[in-house]
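1. Coordinates for the following, if possible.
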Amino acid sequence: MNWRYQHTLLAAAFLACFSNNASRLVISPVLPNVIDAFDLSKSVVGLALTGMWAIYALLQFPSGVIADRVGDYRVILVSLVLTGLGSLFLALSPSFFLFGVAVLALGAGAGLYFVVGTSMLVKSFRRHGQVLGVHSAAGPAAGLVAPAVAAAVSVRYGWRPALLLGAVLSFLGAAVFLRHVEPVDGTGTTRDAPDVLATTVALLKRPSVLYMTFIGVTTAYTWQSFTTFFPTFLVEYRGLTLTNASLVFGVVFLLSAVTQPVYGRLSDRFARETVLALVLSTAVVGFGVVVVADPSLVALVGVGLLGFGFGWGGVFQSRFMDLFSDAQRGTAYGLVRTIYMFVGSLGSAVTGILADTAGWAAAYGVVGAVLGLAVVCIAANRALDLGL
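-> Numbers count the residues shown, from 1 in each chain. This next block holds a predicted model:
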């Protein structure tokens, strides 16, 4: 593959991943407005967004299977268009019921992308740790830009125009992909239900896959809890304005975007699991500081730690990809990502319920504890030489 086209492909995938994440992240800073507009509790909003993440998770495995048949290119285009339509209907919804339906459509469109985009890049680059780090950095880059812009638009024009940003970016990503990426046909093969079931059982019997799937559950729970409610947490628990909360939210994503390619490169040179454990530990400490620190100036140190600690994406994905052969990566990674993202989708609902019933300190204390379990498991695997 031509070097210049390789990097054009990476740039198009970065934009696709950016728009995919931005379409969901613009929701977080306007949640206080949505809650007021529809007279909702945080528990109800958390359940709706858990539905979005659950649909997103359930489509990870089918997306890989479909891409094997029709090609990565077509699946990615459909994902971007569907995500754009979901964002459009989200902004236009006259009731919370239709808002919830639009959220599910958005989750479906977004759910088709990531496994296919990741698999496409692994096929195109021999050394993929740094490449996947760059690709994954699109998520935090979206987190840096999208919430701040959405908050500014919301303050001036209202929350509905803010949500339209997701539609604009998704349609732009589709246009760039259509113009600059060469279509590649899939293998044209597919498997019947017994074959898929047999593959599923065989994969889940592998201890290394079970182990990494559990790590994935903890990171998914953390990510979804953070992206759903952290700006609201900063407004209600730390007393920030919506604009300042969105800026702080963006700082976490800025640091994460900068560090992900660095961590990915380190994981190409050193043990991936060691790098992963250090990164996750930083995030655990960050949650502790953000929740308990007083005064607020000290809590900003916790925000910085969260930014450095949320850079696990490229390392985690590379560690998972190492478990599978080239022929397995599309469907196998799609399967396990469906599982850990689906279970982790409970993060939005549980965090919202805990915030309503026990307060924000308990809600985000649980998030830190869940991520801490991943660090304990990694440390045990290394210390006991379990070979997982």
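2. how far is the lengthiest helix in the chain from where the chain is centred?
-> Counting by DSSP state H, the longest helix found in the chain is helix 207-236. Remark: helix 207-236 is offset 9 Å from the chain centroid, using C-alpha atoms, centre = their mean, to the nearest Å.
3. and that helix, what's its mean pLDDT?
-> The pLDDT scores in helix 207-236 average 91.
4. residues in contact with residue 290?
-> 299, 302, 303, 306, 364 (C-beta atoms under 8 Å, 6 or more residues apart in numbering). Bear in mind the C-beta positions are built from the backbone N, C-alpha and C, glycine included.
5. Which helix or which strand is home to the second one?
-> Counting by DSSP states H and E, the element that carries residue 302 is helix 296-309.
6. List the contacts of that helix.
-> 226, 238-239, 248, 251-256, 259, 279-291, 293.
7. swap in stretch 237-249?
-> In contact with stretch 237-249 (C-beta under 8 Å, 6+ apart) are residues 28-29, 32, 143, 147-148, 150-152, 154-155, 230-232, 234-235, 296, 299-300, 303, 360-361.
8. tell me the secondary structure for residue 325?
-> coil (DSSP: H, G, I helix; E, B strand; the rest coil).
9. buried sites along whichever strand or helix holds residue 66?
-> Element membership of residue 66, judged by DSSP H and E, is helix 60-70. Buried residues in helix 60-70, counted by 16 or more other C-beta atoms under 10 Å: 60, 61, 62, 63, 64, 65, 66, 67, 68.
10. if we can go back for a sec, from the contacts of residue 290, which two are the most distant?
-> The widest separation within the contacts of residue 290, taken as C-beta to C-beta, falls between 303 and 364 and amounts to 12.3 Å.
11. what about stretch 350-359, distance to the chain center?
-> Computed by C-alpha atoms, centre = their mean, the chain-centroid distance of stretch 350-359 equals 22 Å.
12. average pLDDT across it?
-> Here the average pLDDT along stretch 350-359 is 92.
13. just stretch 84-102 next, same as before
-> Here the average pLDDT along stretch 84-102 is 92.
14. what's the first-to-last distance across that stretch?
-> Chord length of stretch 84-102, first to last residue, is 11 Å (C-alpha to C-alpha, to the nearest Å).
15. quick one: the residue nearest to residue 282 when sequence neighbours are not counted and residue 255, what's the gap?
-> Sequence neighbours aside, residue 309 is the residue nearest to residue 282 in space, at 3.6 Å (criterion: C-beta to C-beta, 6 or more residues apart in numbering). The gap separating residue 309 from residue 255 is 9 Å, by C-beta to C-beta, to the nearest Å.
16. Those two: who's more crowded?
-> A count of neighbours by other C-beta atoms under 10 Å puts residue 309 above the other of residue 309 and residue 255, at 25 against 21.
17. quick one: low-confidence ranges for the stretch 51-200 of the chain?
-> For the stretch 51-200 of the chain, residues meeting the criterion pLDDT under 70 lie at 126-129, 185-197, 199-200.
18. out of the contacts of helix 296-309, which are buried?
-> In those, the ones that pass as buried (16+ other C-beta under 10 Å) are 226, 238, 248, 251-256, 259, 279-291, 293.
19. I'd like to know which of the residues you listed are part of helices.
-> Those of the buried ones among the contacts of helix 296-309 lying in helices (DSSP H): 226, 248, 251-256, 259, 279-291.
20. okay but residue 214 is in contact with residue 380, surely?
-> No: Residue 214 is beyond contact range of residue 380, at 11.7 Å (criterion: C-beta atoms under 8 Å).
21. higher neighbour count, the two?
-> residue 214 (17 against 12).
22. from the chain's centre, how far out does stretch 254-266 sit?
-> Its chain's average C-alpha position is 15 Å from that of stretch 254-266, according to C-alpha atoms, centre = their mean.
23. In CSV, list the C-alpha atoms belonging to it.
-> Extracted C-alpha coordinates of stretch 254-266, given in CSV (Å, rounded to 0.1, in the frame of the first residue of the first chain):
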residue,chain,number,x,y,z
LEU,A,254,-7.0,17.2,25.5
LEU,A,255,-4.5,15.5,27.8
SER,A,256,-5.9,12.1,26.7
ALA,A,257,-5.6,12.9,23.0
VAL,A,258,-2.0,14.0,23.5
THR,A,259,-1.0,10.9,25.5
GLN,A,260,-2.7,8.1,23.6
PRO,A,261,-0.3,8.0,20.7
VAL,A,262,2.6,8.2,23.2
TYR,A,263,1.3,5.3,25.2
GLY,A,264,0.6,3.4,22.0
ARG,A,265,4.2,3.8,20.9
LEU,A,266,5.5,2.8,24.4
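24. still on that earlier bit, considering the contacts of residue 290, which is situated nearest to residue 135?
-> residue 306 (21.2 Å).
25. which residues touch the closest residue to that closest one other than its chain neighbours?
-> In space, and not counting its chain neighbours, residue 306 is closest to residue 286: 3.7 Å by C-beta to C-beta, 6+ apart. For residue 286, the contacting residues are 302, 303, 304, 305, 306, 307, 308, 309, by C-beta under 8 Å, 6+ apart.
26. how big is the angle separating the helix or strand that residue 268 is a member of from helix 207-236?
-> Element membership for residue 268, per DSSP H and E: helix 242-269. Counting by axes from the mean of the first three to the mean of the last three C-alpha atoms, to 10 degrees, helix 242-269 lies at 160 degrees to helix 207-236.
27. from the middle of its chain, how far away would helix 242-269 be?
-> With C-alpha atoms, centre = their mean, you get 13 Å for helix 242-269.
28. Next, the angle from that helix to helix 296-309.
-> Going by the same axes, to 10 degrees, helix 242-269 makes 40 degrees with helix 296-309.
29. Now helix 242-269: buried residues?
-> Within helix 242-269, the residues scored as buried using 16+ other C-beta under 10 Å are 242, 245-261, 263-268.
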